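Visitor: Can you look at this prediction? I've put the sequence above it.
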Amino acid sequence: MRLPRPRSIVRLVMLGFAAVAIPLMAAVITAVVQADRLAQRNRQAVLDAETATHESRALIEHLTGMERSVGQYQVLGDRDFYLNYVSSRAGFDSAARQLAAIDLGTALADELRELIVAEARLNRALLAPGGRPVDAASYPQAADQWASLHELARDILAESSKLITRHANKARDEAARLQRTLMLQTAAAVPVAVLLGLVFVSLIARPLRQIDAEIRRLGAGRFSEAVEVRGPRDLEELGRRLDWLRLRILELEEQKSLFLRRISHELKTPLTTMREGSELLLDDGGAGLSAEQREIAQIMRESGQHLQRLIEDLLQFGKTQIPQPDPPHSGLIPLDDLVRSALDKHSLSRNAKSLQLDARLQPVRINGDPNQLTTVIDNLLSNAIKYTPPSGRITVSLAADDGQVTLEVADNGPGIDPDERGRVFEPFYQGRATYVGHVQGTGLGLTIARQYVEAHHGRIEISDSPLGRGACVRVQFPLSRAA
């Protein structure tokens, strides 16, 4: 049976707070109730002890008054003394009832009952039912009985005075028991609250982690699997929105790929015809053409090369916009060989400007995609050659040190202003530096280079050139990816 799902994450949070608070509130309420009961018992115990002491003194006082009044009545026969005796005896009975209503303990209650029985027996011995005195021969025995009653009353008073101490000890014991009980309740309530809290944290965090994972998956370009989020209904609705976004991104990616394929075909077909025509015109150095015609043919060839480079950069940039979790690995690639190949590829353009080259390459093998690494190196060398003035100097170094594989390409051209060094990696940004040449760049070379470097978990940055002026582009890969 599936449990009902809350309608929103807010309700789930509130339910979690309530579930966590219930055992804690129950423990607090229990503690308050038990503490209040203990306080009431202690308060009643103090009142009982005070009442017992007061009534015990009243017993002694009434016994004294009874003994004096009955003695005077028996000697003088005055009815007023009899009435005084009856009044004192009524007070004695009232005090005895008050004491009997109190929890005095077994011993003190037995003494009280013994006192009440002894007093009744003495009353019958001294007075007839109508209140007439009995034979005077019983008076000496009555004195001993009165003394016994006084002794019992004093014992009761002494024991009553000890009630406060006994109640205090009892209250201390009850407080200790209450403390242990509350500690056990707390020890039981806190883990239950923590457990419930963990359960609800898991219930709340699990759909959020699912959403985070799905967003990361979409960001990594994995659009093949549907987005599914289980949890509160509002988060499930958010998951359905993410799945709609996935389908929309997938549709846009397909449209972009289709557009790139079509534009590549539409542009390259006439471009090929133009380049072939210009090459035919310039065969054999442009023999048969006038100087003006050769110049026009040369411009056509350079423009065709420019246009082809623009198309290739756009297509390459389009490929880099498709997120990839990692570049395809082709085993350990000799990075120094890739650099040498790139240097050979650009030797003609380098020689055309009479550039000096200083290459210091250590043997380094790195795990990655050779095509992407070749593109990075080619873009860096192309920019260096492009911006280095004629008869200038370029340095290329490759070394592994301090946990990093470092590739540096430096020139002594105009350089890059510090405020532009972060922006030159933005698409289509070319900066303020100028160079002498016919073919204008696209501003995508460094953008593509950065994306490929980051795909290999490396970093690329621009600093001052060690040649005194110009720029230095530094690429670093972690040594864990190299050998």
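Guide: Perfect, I can see it now.

Visitor: just the helices in the stretch 301-450 of the chain please.
Guide: 335-345, 347-352, 370-387, 445-455 (DSSP state H, counting those that start in this stretch).

Visitor: Tell me if I am right that residue 98 is in a helix.
Guide: Yes - under DSSP: H, G, I helix; E, B strand; the rest coil, residue 98 sits within a helix.

Visitor: Which residues are in contact with the nearest residue to it once chain neighbours are set aside?
Guide: Excluding the flanking residues, the one nearest residue 98 by C-beta to C-beta, 6 or more residues apart in numbering is residue 55, at 4.6 Å. The way it works is simple: take the backbone N, C-alpha and C, and place the C-beta from them, glycine included. Contact partners of residue 55, counting by C-beta atoms under 8 Å, 6 or more residues apart in numbering, are 95, 96, 98, 99, 160.

Visitor: farthest pair in these?
Guide: The most widely separated members of the contacts of residue 55, counting by C-beta to C-beta, are 96 and 160 (12.6 Å).

Visitor: Settle it for me: which of the two has more neighbours?
Guide: A direct count of neighbours by other C-beta atoms under 10 Å for residue 96 and residue 160 places residue 160 higher, at 25 against 21.

Visitor: In contact with the more buried one, which residues are there?
Guide: Taking C-beta under 8 Å, 6+ apart, we find residue 160 in contact with 49, 52, 53, 55, 56, 99, 104, 108.

Visitor: What are the buried residues along stretch 245-253?
Guide: By 16 or more other C-beta atoms under 10 Å, the buried positions in stretch 245-253 come out as residue 246.

Visitor: sorry, that was for stretch 203-222
Guide: Of the residues in stretch 203-222, those buried (16+ other C-beta under 10 Å) are 203, 204, 207, 210, 211, 214, 217, 218.

Visitor: next one: stretch 182-193
Guide: 182, 185, 186, 189, 192, 193.

Visitor: Over to stretch 70-78?
Guide: 70, 71, 72, 73, 74.

Visitor: avg pLDDT for the host helix or strand of the fourth one?
Guide: Meaning residue 73. Per DSSP states H and E, residue 73 falls inside helix 9-76. Mean pLDDT, computed over helix 9-76, is 77.

Visitor: do you know how far the closest residue to residue 100 other than its chain neighbours is from residue 96?
Guide: Leaving aside its sequence neighbours, residue 100 sits nearest to residue 112 (C-beta to C-beta, 6+ apart; 6.2 Å). Distance check for residue 112 against residue 96: by C-beta to C-beta, to the nearest Å, it reads 7 Å.

Visitor: Could you check how far stretch 21-40 is from the centre of its chain?
Guide: Relative to its chain's centre, stretch 21-40 lies at 32 Å (C-alpha atoms, centre = their mean, to the nearest Å).

Visitor: Then stretch 389-403?
Guide: With C-alpha atoms, centre = their mean, you get 47 Å for stretch 389-403.

Visitor: end-to-end on that stretch?
Guide: End-to-end span of stretch 389-403 (C-alpha to C-alpha, to the nearest Å): 35 Å.

Visitor: Compile the buried residues of stretch 70-78 into a markdown table and extend it with columns for distance to residue 304.
Guide: Formatted as a markdown table, the buried residues of stretch 70-78 follow (distance: C-beta to C-beta, whole Å):
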| residue | distance to residue 304 |
| --- | --- |
| 70 | 147 |
| 71 | 149 |
| 72 | 150 |
| 73 | 150 |
| 74 | 153 |
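
Visitor: check contacts around residue 67.
Guide: residue 146.

Visitor: quick one: it and residue 144, what's the gap?
Guide: Per C-beta to C-beta, residue 67 is found 12 Å from residue 144.

Visitor: Also residue 398?
Guide: To residue 144, residue 398 is 127 Å away according to C-beta to C-beta.

Visitor: quick one, which of these two is more surrounded?
Guide: Neighbours were counted for residue 398 and for residue 144 using other C-beta under 10 Å; residue 398 has more, 22 against 9.

Visitor: ok, so what distance separates the closest residue to residue 105 other than its chain neighbours from residue 112?
Guide: Closest residue to residue 105 apart from its sequence neighbours, by C-beta to C-beta, 6+ apart: residue 166 at 7.4 Å. Look at residue 166 and residue 112: by C-beta to C-beta, they are 16 Å apart.

Visitor: quick one: which of those two has more around it?
Guide: Legend: neighbour count by other C-beta under 10 Å for residue 166 and residue 112, higher for residue 112 (26 against 14).

Visitor: ok, that one - contacts?
Guide: Going by C-beta under 8 Å, 6+ apart, residue 112 touches 96, 99, 100, 104, 156.

Visitor: again with residue 399
Guide: Going by C-beta under 8 Å, 6+ apart, residue 399 touches 360, 362, 364, 405, 406.

Visitor: let's see 6 Å
Guide: 362, 406 (C-beta atoms under 6 Å, 6 or more residues apart in numbering).

Visitor: That one pairs with what?
Guide: residue 406 (DSSP bridges).

Visitor: Residue 393 versus that one, what's the distance?
Guide: From residue 399 to residue 393 the distance is 19 Å (C-beta to C-beta).

Visitor: what's the answer for residue 344, then?
Guide: 19 Å.

Visitor: Filter the contacts of residue 112 down to the buried ones.
Guide: When the contacts of residue 112 are checked for burial by 16+ other C-beta under 10 Å, the buried set is 96, 99, 104, 156.

Visitor: Looking at these, which is nearest residue 42?
Guide: residue 104 (17.0 Å).
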